[in-house]
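Trainee: for reference, the sequence and a predicted model appear below.
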Amino acid sequence: WGIFLLACVFLYAKLAGPKGIVATDGARLLALLAANRAVLLAVGVLMLLNWWVESGKWRLLMEGVERVRPWRAFVATIAGTSVGFVSVNRTGEFIGRVLFLAPENRIAGGFATALGSIAQFVITLLAGGIGLLTLTTAGFPLPWPAGWTSWMLATLTALVTAIALVLYLYPGLFRQVLLLAPFMHRFGQASAVLARFQRSQLLMVLLLSALRYAL
């Protein structure tokens with residue numbers, strides 16, 4: 001509840017601040033909200049569905065760590081999103097979720113949660129790369145000079161996507177890469193959870209990530 005209240009205060013400060021929507025044109029904002037109730041309702045339903053899919057993905061990742069019930073996983077997802085609002089680069093999502101696990105499982109749960117983030121990252125890069133290639137080949141105007149810049153970005157996107165996908169599909173390799181850092185050695189036992197995932201689980205998490213992106 002404290003996290004939720006802090007997130008509400010943060011959002012209100014952003015919206016009502018000197019550069020916020022409410023402060024600059026509050027009356028127009030209220031008029032737009034009143035005129036688009038059906039759209040807002042659809043957005044709200046899709047938002048809840050998106051979070052439910054994400055909570056299902058997180059439950060699947062937690063199977064090797066701790067059994068989490070659907071409602072608790074959903075609440076943990078909302079808490080992680082709330083912490084992400086007030087943290088640098090949304091890194092607080094990990095903290096918000098693992099707090100719902102038993103204390104002895106939180107570090108292992110953090111490693112498994114990171115695997116889910118990589119899956120979502122792969123899907124986002126894949127969709128972005130396809131979009132970039134589509135815009136480039138179709139001749140749409142881009143915010144940079146046409147030609148080699150677009151193809152360089154497409155190549156870089158494909159390279160990063162391939163590396164992330166390999167690390168995701170081979171979590172044992174991902175664990176070895178993490179343990180190359182000396183300060184990660186003390187988490188060697190907790191990180192062993194990464195080597196327990198089966199290929200079928202990883203593909204299902206990837207599919208749920210794609211579904212969440214589509215929503």
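Mentor: Structure's in. What do you need? Please read all numbers here as calculations on a predicted model, not as lab measurements.
Trainee: by residue count, tell me the biggest helix in the chain.
Mentor: helix 106-138 (DSSP state H).
Trainee: for the protein, what helix or strand is lowest in average pLDDT?
Mentor: The least trusted helix or strand in the chain, going by mean pLDDT, DSSP states H and E, turns out to be helix 21-35, with a mean of 64.
Trainee: quick check: what element follows it along the chain?
Mentor: Once the chain leaves helix 21-35, the next helix or strand it forms, by DSSP states H and E, is helix 37-61.
Trainee: that following helix: which residues count as buried?
Mentor: Within helix 37-61, the residues that count as buried by 16 or more other CB atoms under 10 Å are 50-61. To be clear about C-beta, it is placed using only N, CA and C from the backbone, and glycine gets the same treatment.
Trainee: give the other helices and strands that the helix or strand that it is followed by contacts.
Mentor: Toward the C-terminus, helix 37-61 is succeeded by helix 70-85 as the next helix or strand (DSSP H and E). Packing partners of helix 70-85 (3 or more CB pairs under 8 Å, 6 or more residues apart in numbering; DSSP states H and E): helix 2-16, helix 37-61, helix 92-98.
Trainee: what angle sits between helix 70-85 and helix 106-138?
Mentor: Here helix 70-85 points in a direction 70 degrees away from that of helix 106-138 (axes from the mean of the first three to the mean of the last three CA atoms, to 10 degrees).
Trainee: average pLDDT across helix 70-85?
Mentor: When pLDDT is averaged along helix 70-85, the result is 85.
Trainee: now that helix against helix 37-61, angle please.
Mentor: Going by the same axes, to 10 degrees, helix 70-85 makes 110 degrees with helix 37-61.
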